[in-house]
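A.B. asks: based on what follows, work out the 3D shape:
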Amino acid sequence: MKRDIILSGVGGQGILSIATVIGRAALAEGLQLKQAEVHGMSQRGGDVQSNLRISSSAIHADLIPRGEADLIVSLEPMEALRYLPWLASDGWVITNTVPLVNIPDYPDADALQRELEALPHAVTLDIDALAKAAASPRSANMVLLGAAAPFLDIDAAKLEAGIRDIFARKGEQVVEMNLAAFRAGYEATQKQAKR
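C.D. replies: Numbering: from 1, shown residues only. Sure, this is the predicted structure:
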């Protein structure tokens, strides 16, 4: 088993929480793990990106070479497209369709959507709407994790255990809110895959 995953988004969206949950679940499955993070100007709404490499055998480098990522998982559509050069030809993009317009010359949202729809392997969801529908508007990152879960080759129960672990200190209500968000994303991907 091997998964090379690029997680991307904008500062404050919770990309590093996604990486932490996946990392805990991978370790619980006895897998090897390497992670490298690029924070950029994350405190000012800049891009945040993490390379997450998971394998059943030894991993020798923490950065994913261009053209070898199995997944790009992004909370922001422009950030998903930014990392396409790292995606393998059979790789998947799982992304939010709602832009976070944080720069003056942000690309046209419809043009971004057309680019995403032209990809051969993509799951594009309104992650923000799914989070609100799950009564968890602040848990969009966990909705995205749920949407990516079917592609991770990691037991969903272990991902849920990771969510419990990292949010436990915030109380049971926050844990349950994040689990509901995760399940909403998982179900949305299943529905999109059946179309």
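
A.B. asks: quick one: the helices in the protein?
C.D. replies: Remark: helices assigned in the chain by DSSP state H are 15-28, 77-82, 109-117, 127-133, 140-152, 156-167, 172-194.

A.B. asks: nearest to residue 60, out of those?
C.D. replies: Minimum separation from residue 60 across the helices of the chain (C-beta to C-beta) falls at helix 15-28, 16.7 Å. Backbone N, C-alpha and C define where each C-beta goes, glycine included.

A.B. asks: related to what we said a few turns ago, deepest-packed of the helices of the chain, please.
C.D. replies: The highest average neighbour count among the helices of the chain, using mean count of other C-beta atoms under 10 Å, belongs to helix 140-152 at a mean of 26.

A.B. asks: quick one: that one to helix 15-28, angle?
C.D. replies: Calculated by axes from the mean of the first three to the mean of the last three C-alpha atoms, to 10 degrees, helix 140-152 forms an angle of 40 degrees with helix 15-28.

A.B. asks: and helix 140-152, how far out from the chain middle?
C.D. replies: How far helix 140-152 lies from its chain's middle: 6 Å, per C-alpha atoms, centre = their mean, to the nearest Å.

A.B. asks: coming back round to it: redo the helices of the chain as TSV? Include distance to residue 94 and mean pLDDT.
C.D. replies: Conversion of those to TSV gives the following (distance: least, C-beta to C-beta, whole Å; pLDDT from 0 to 100):
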stretch	distance to residue 94	mean pLDDT
helix 15-28	11	92
helix 77-82	8	93
helix 109-117	11	89
helix 127-133	9	94
helix 140-152	5	96
helix 156-167	14	96
helix 172-194	7	88
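
A.B. asks: and the residue nearest the centre of this protein?
C.D. replies: residue 73 (3.6 Å; C-alpha atoms, centre = their mean).

A.B. asks: possible to save the helices of the chain as JSON lines with distance to residue 2?
C.D. replies: Output for the helices of the chain, formatted as JSON lines (distance: least, C-beta to C-beta, whole Å):
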{"stretch": "helix 15-28", "distance to residue 2": "11"}
{"stretch": "helix 77-82", "distance to residue 2": "21"}
{"stretch": "helix 109-117", "distance to residue 2": "25"}
{"stretch": "helix 127-133", "distance to residue 2": "26"}
{"stretch": "helix 140-152", "distance to residue 2": "12"}
{"stretch": "helix 156-167", "distance to residue 2": "17"}
{"stretch": "helix 172-194", "distance to residue 2": "21"}
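
A.B. asks: re the thing from before, next up, the contacts around the residue nearest to the centre of the chain.
C.D. replies: By C-beta atoms under 8 Å, 6 or more residues apart in numbering, the contact list for residue 73 reads 5-8, 18, 94-95, 144-145, 148.
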